[in-house]
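J.: Have a look; sequence and predicted model below, questions after that.
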Number of protein chains: 2
Amino acid sequence: MRASDIVCMDEAFRLAKKSFDEGGLPIGSVLAEGTRILGRGHNRRVQQGDPILHGEMDCLRDAGRRASYRETTLYTTLSPCMMCAGTIVQFKIPRVIVGENRNFGGNEQFLRDHGVEVILLDDTRCRELMRNYIEANPSVWNEDIAEDAPRGGAGGQ
Amino acid sequence: MRASDIVCMDEAFRLAKKSFDEGGLPIGSVLAEGTRILGRGHNRRVQQGDPILHGEMDCLRDAGRRASYRETTLYTTLSPCMMCAGTIVQFKIPRVIVGENRNFGGNEQFLRDHGVEVILLDDTRCRELMRNYIEANPSVWNEDIAEDAPRGGAGGQ
């Protein structure tokens, strides 16, 4: 962990909270090169009706066109789904800081198998905000991870 | 192959040609349920400066929010990159028809390993349109697949 990691994860959490306050899925993300933030995003399924705008995707969209991601770190409050994990590998992002993976997880090993450094924080703020949203909005959450039937809990896949 | 597959791949090619005519990467995509087209898209990196809008992603964005993709087929003129392959797996799209994989490929087995039916057409139209674009715009193509250095050929990864 670097000092800039704390700042960037705080910013990712702020974006998750912003999305929560808008009624959307509370997942925030930041792309940075050292201390320089290149992009910010949060899930926009509810706000824009867009199924591909998970937090990480919205953040990469915000960062715009780049020739290379080799010096970047991606921060996300929730462990990446397979769409976002595939994108991290395709874009060759070498380092990912994950807020928590208790509400959703399972792709950390896929990332590591493709040479990505994954640091898991198990951040209480991220965990509680996400759990509160899932408990109040189980059908939106299941739609976001393409689970056809609502589940009792919030386990990952 | 079904009769509707021909119609939908023709539409995906039309979208790829439209993108080519706009100066963009000529990769088109359609999401359909039988003969009913749910979404259409094409790569928009050049047109919108958006790195996540590969053809397949733009198509899924266009289709909007859905509770399930279990009855859908995704058509794409070019074999999916790892972002798009990860998305197909995450969204549980069961069937993918690929125009060609000579200009880019390599993720077909990943899809099959996750239970996705992949049908490869080796379509001459798709192949030639893509090859023409890559030859004329190698740096844009390398940016689109996050290859830092231009390459002589157009091999997949």
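T.: In hand now; what should we look at? Numbering: from 1, shown residues only, chains lettered A, B, ... in the order given.

J.: Could you tell me which residues of chain A lie near chain B?
T.: Applying CB under 8 Å from any CB of the partner chain, one finds that chain A approaches chain B through A:45, A:49-53, A:57, A:60-61, A:63-70, A:81-87, A:89-92, A:143, A:145-146, A:148. (Each C-beta comes from the backbone N, C-alpha and C, glycine too.)

J.: So which of the residues you listed belong to helices?
T.: Among the residues of chain A next to chain B, the ones falling in helices (DSSP state H) are A:45, A:57, A:60-61, A:63, A:82-87, A:89-90, A:143.

J.: Show me what counts as buried in stretch A:52-65.
T.: A:I52, A:L53, A:H54, A:G55, A:E56, A:M57, A:D58, A:C59, A:L60, A:R61, A:D62, A:A63 (16 or more other CB atoms under 10 Å in any protein chain shown).

J.: where are the low-confidence patches of chain A?
T.: Low-confidence segments of chain A (pLDDT under 70): A:149-157.

J.: Can you name the residue of it nearest chain B?
T.: A:G86 (2.0 Å; CB to the nearest CB).

J.: That residue - how many residues pack around it?
T.: 28 (other CB atoms under 10 Å in any protein chain shown).

J.: which non-adjacent residue is nearest it?
T.: Residue nearest to A:G86 in three dimensions, not counting chain neighbours: B:G86, with 2.0 Å by CB to CB, 6 or more residues apart in numbering or on different chains.

J.: before we move on, what about A:A32?
T.: Spatially, and ignoring its direct neighbours in sequence, A:A32 is nearest to A:C8 (5.0 Å; CB to CB, 6+ apart).

J.: In terms of helices and strands, where is the one you found?
T.: A:C8 belongs to helix A:3-21 when assigned by DSSP states H and E.

J.: what are the pairing partners of whichever helix or strand comes after that helix, and which direction each?
T.: Using DSSP H and E, the helix or strand that follows helix A:3-21 towards the C-terminus is strand A:28-33. Paired neighbours of strand A:28-33 in the sheet (DSSP bridges): strand A:36-42 (antiparallel), strand A:73-78 (antiparallel).

J.: For strand A:28-33, which residues meet the burial criterion?
T.: A:G28, A:S29, A:V30, A:L31, A:A32.

J.: Equivalent analysis for stretch A:113-123, please.
T.: So, applying 16+ other CB under 10 Å, buried residues of stretch A:113-123: A:V116, A:V118, A:L121, A:D123.

J.: list the contacts for the second one?
T.: Taking CB atoms under 8 Å, 6 or more residues apart in numbering or on different chains as the contact definition, A:V118 lies against A:V96, A:V98, A:E108, A:L111, A:R112.

J.: Please give the element, helix or strand, for it.
T.: strand A:117-120.

J.: Quick check on the closest residue to A:R61 other than its chain neighbours: phi, psi?
T.: Spatial nearest neighbour of A:R61, chain neighbours left out: B:I52 (5.1 Å); criterion: CB to CB, 6+ apart. The phi and psi values for B:I52, taken as degrees, to the nearest 10, are phi -90, psi -10.

J.: thought B:I52 was touching A:C59?
T.: No. Contact criterion CB atoms under 8 Å: B:I52 and A:C59 do not qualify, at 9.7 Å.

J.: My understanding was that A:L25 contacts A:G41; is that so?
T.: No. Counting by CB under 8 Å, A:L25 does not reach A:G41; the two are 11.9 Å apart.

J.: where do the contact lists of the two overlap?
T.: With CB under 8 Å, 6+ apart, A:L25 and A:G41 have common neighbours A:G55.

J.: neighbour-wise, which of the two wins?
T.: Using other CB under 10 Å, the more surrounded residue of A:L25 and A:G41 is A:L25, with 28 against 25.

J.: quick one: contacts for the residue nearest to that one when sequence neighbours are not counted?
T.: Computed as CB to CB, 6+ apart, the closest residue to A:L25 that is not its neighbour in sequence is A:N43, at 3.9 Å. Counting by CB under 8 Å, 6+ apart, A:N43 touches A:S19, A:G24, A:L25, A:P26, A:I27, A:L53, A:H54, A:G55, A:D58, A:D144.

J.: For those, name the two members farthest from one another.
T.: Greatest spacing in the contacts of A:N43, by CB to CB: A:P26 and A:L53 (13.8 Å).

J.: how close does A:V98 sit to A:R2?
T.: 15 Å (CB to CB, to the nearest Å).

J.: Between the two, which is the more surrounded one?
T.: Shown here are A:V98 and A:R2; by other CB under 10 Å, A:V98 has more neighbours (25 against 13).
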